[in-house]
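K.L.:
I'd like to go over a predicted model; first the sequence, then the structure.
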Amino acid sequence: MSTKADPFAFELFKNSLSSIADEMALTVYRTSYSSVIKGSMDYSTAICDSRGRMIAQGLTLPMHLGSIPTALAACIRHYDNEIQPGDIYVLNDPFDGGMHLPDIFLFQPVFYKKQRIAFAATICHHTDVGGRVAGSNAADSTECFQEGLRIPPLKLYEAGRRNDTLWKIIEKNVRVPILLQGDLRAQLSACHTGEVGLIDLFKVYGLTESLGYMNDVIDYTERLTRAAIRDLPDGVFDFEDWLDDDGIDLNQPILLKVSFEKKGDQLTVDWTGSSPQVKGALNCTESFTNASVYIAVKSILSGDIPANEGFFRAIKVISPQGTICHGVLPAATAARGLTGFRQVDCCFGALAKMVPDRVFAASDGGNICLSLGGYDDNRKPYIYVDFFTGGWGGRPWADGPQGNSSLCSNISSPSVEVTEMEQPLQILAYEFLTDGMGAGKFRGGAPFRRDYRMREREGTLQLRNDRCLFHPFGLYGGRPGQKARNVLNPETSNETLPGKITRTIKQGDVIRYDMAGAGGWGDPLERDPARVLSDVRNEYVSAAAASEQYGVVVDTRAWTFDEKGTVELRRTIRARRNWTKPPFIDRGELPPGVSSTHEKKRGAM
């Protein structure tokens, strides 16, 4: 069947597939148990064809974009000759299709008229899968065997019959079984929703036509993708960035290096030169590195290109084995999300050279994870996992959004009230920080502060964040954002904590996290003074910073700005810095021993 035969029917079929994947996502949201899924929405759903090629993704996490086909391919490789109706496959093994242990995949084959037509796919981040620390997400684990229960591709159900042995093994290896099993049932419900929706769709269009349209959806996406890539400039565009450290070798920066080669309608993205895999849990799987590339590329192309196998075909990703971008046994991977987010920023740095009018400056460095686990006085376990991101870099056309999830994750912020009701925590502060973002013609999104007070007698804290040593970079004259900071008991001991740490905290302890600020885009002296005044009134920018960084003289009593004084101050700043053109990048001060081939020659603003 060709789309040329009936383009209207094809369009309806394509949109119906996307709607089914979205309905699956809503099913997970409405039936899940844990705050990580129902609150933060750390999960994804998809429809794949009978060969395992993804044809539609639900409305949740972009960073799962490259993971589902890889995980499903592992299941098909193990079971292709014995897949039957009623089977449901499960896995989380990073070295056999998975990404990190908390992310558990479920796949249900869908049959119509005794023929396998598709797979319904779900992936959820589970609150705990065992291991050395509650939450199974510690950045300072040193091998995968410390991180939790490792599940190779197995049958959770076989011909409709539940594998009770496997269920019991899972139950006995996690700290709060009711959460994990409840969330698994939510995934099962979503797979069933996908199965029903696909069968109904095939009944409308018929078996032959529907299978033809599935192929057409992929081919159509490839044509759109290649046409969009063809319009980009040819050439090689590279970039480098660093993670602070791996939580084991402290203050030892980890290099990320990427090169985009665009030729005709094909992109080749090469991570050769990036750091070897590290001791800590920041190592990525190949599929996760692929996803970071797909996200960055998709964000600069037309928004109407579907996310499926056709999109992947036009992009070749090279990530050498044994590097932080493609870890091998026994690499720890629990905190690989942090590396993936930084890989996206690294990709944007390269793409900013290719298409400067489409790429924003560095975001806040997320996604940040704070986990707390332990037992109350009755030995009842509790686990709290909080993921949050908040600021995008300044864009070539607008300020960076703030208080908004990174485009990599689409994760929401859990309700303060629900958190305090369900967890032994009190949220003392959740507020934007003044002067934290990078200045620019279009400034970065403002970072926020969050303070947690421990109410239980004792617990194990895990922190996973970055940008404590490296500022989020500004682009084309934009200034860098502030660095992140973790503090224990800010009103008393005021102890600065590393970005990646596992430690015991006691009742009454306060954990403060100050997010890194997103970078600015464009010369701050070109920002509309009225917008600077508005930022000062809203306490995003101080009057002092308005003068120093933007050259705007603000009267905070009359809430006006001095037009003549502003013109004169900006003239003085321009003469002092003596730019011939705005620098491509401003990273702020780099840690000792680190240099950048892209570093601007620093001078006074």
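P.N.:
Done, it's in.
K.L.:
what residue ranges in the chain are flagged as low confidence?
P.N.:
1-5, 597-605 (pLDDT under 70).
K.L.:
Show me what the biggest helix by length in it is packed against.
P.N.:
The longest helix of the chain (DSSP state H) is helix 177-205. When contacts are defined as 3 or more C-beta pairs under 8 Å, 6 or more residues apart in numbering; DSSP states H and E, helix 177-205 packs onto helix 7-31, strand 43-49, strand 103-112, strand 115-125, helix 164-172, helix 207-230. Quick note: C-beta positions are derived from backbone N, CA and C, even for glycine.
K.L.:
Just the buried positions in it, please.
P.N.:
By 16 or more other C-beta atoms under 10 Å, the buried positions in helix 177-205 come out as 177, 179-184, 186-191, 193-195, 197-198, 201-202, 205.
K.L.:
picking that back up, what about the helices and strands packed on helix 177-205, which gets the closest to R457?
P.N.:
Among the helices and strands packed on helix 177-205, helix 164-172 comes nearest to R457, with 25.9 Å by C-beta to C-beta.
K.L.:
Quick one: work out the angle between the closest one and strand 103-112.
P.N.:
150 degrees (axes from the mean of the first three to the mean of the last three C-alpha atoms, to 10 degrees).
K.L.:
Other residues contacting helix 164-172?
P.N.:
Here helix 164-172 makes contact (C-beta atoms under 8 Å, 6 or more residues apart in numbering) with 90, 149, 151, 154-156, 177, 180-181.
K.L.:
Can you say which helix or strand has R77 in it?
P.N.:
Under the criterion of DSSP states H and E, R77 resides in helix 67-79.
K.L.:
could you check the angle strand 103-112 makes with that helix?
P.N.:
Using the same axes, to 10 degrees: helix 67-79 against strand 103-112 is 70 degrees.
K.L.:
how about helix 67-79: buried residues?
P.N.:
So, applying 16+ other C-beta under 10 Å, buried residues of helix 67-79: 67-76, 78-79.
K.L.:
Which of those sits closest to A446?
P.N.:
S67 (31.4 Å).
K.L.:
what residues are up against the closest one?
P.N.:
Contacts of S67 by C-beta under 8 Å, 6+ apart are 98-99, 103, 105, 123, 285, 287-288, 291.
K.L.:
Need the max-distance pair from those.
P.N.:
The span of these, defined through C-beta to C-beta, is set by F105 and A291 at 14.0 Å.
K.L.:
my read is G588 is in a helix, agree?
P.N.:
No. Read with DSSP: H, G, I helix; E, B strand; the rest coil, G588 is coil and lies in no helix.
K.L.:
okay, now it: neighbour count?
P.N.:
For G588, the neighbour count with other C-beta atoms under 10 Å is 17.
K.L.:
separation between it and E458?
P.N.:
Noted for G588: a distance of 38 Å to E458, by C-beta to C-beta, to the nearest Å.
K.L.:
Repeat that for N465.
P.N.:
Distance, N465 to E458, by C-beta to C-beta: 23 Å.
K.L.:
So between those two, which is more surrounded?
P.N.:
Higher neighbour count among N465 and E458: N465, with 29 against 13, using other C-beta under 10 Å.
K.L.:
The closest residue to the more buried one other than its chain neighbours: neighbour count?
P.N.:
Of all residues not flanking N465 in the chain, I368 sits nearest, at 4.2 Å (C-beta to C-beta, 6 or more residues apart in numbering). Using other C-beta under 10 Å, I368 is surrounded by 26 other residues.
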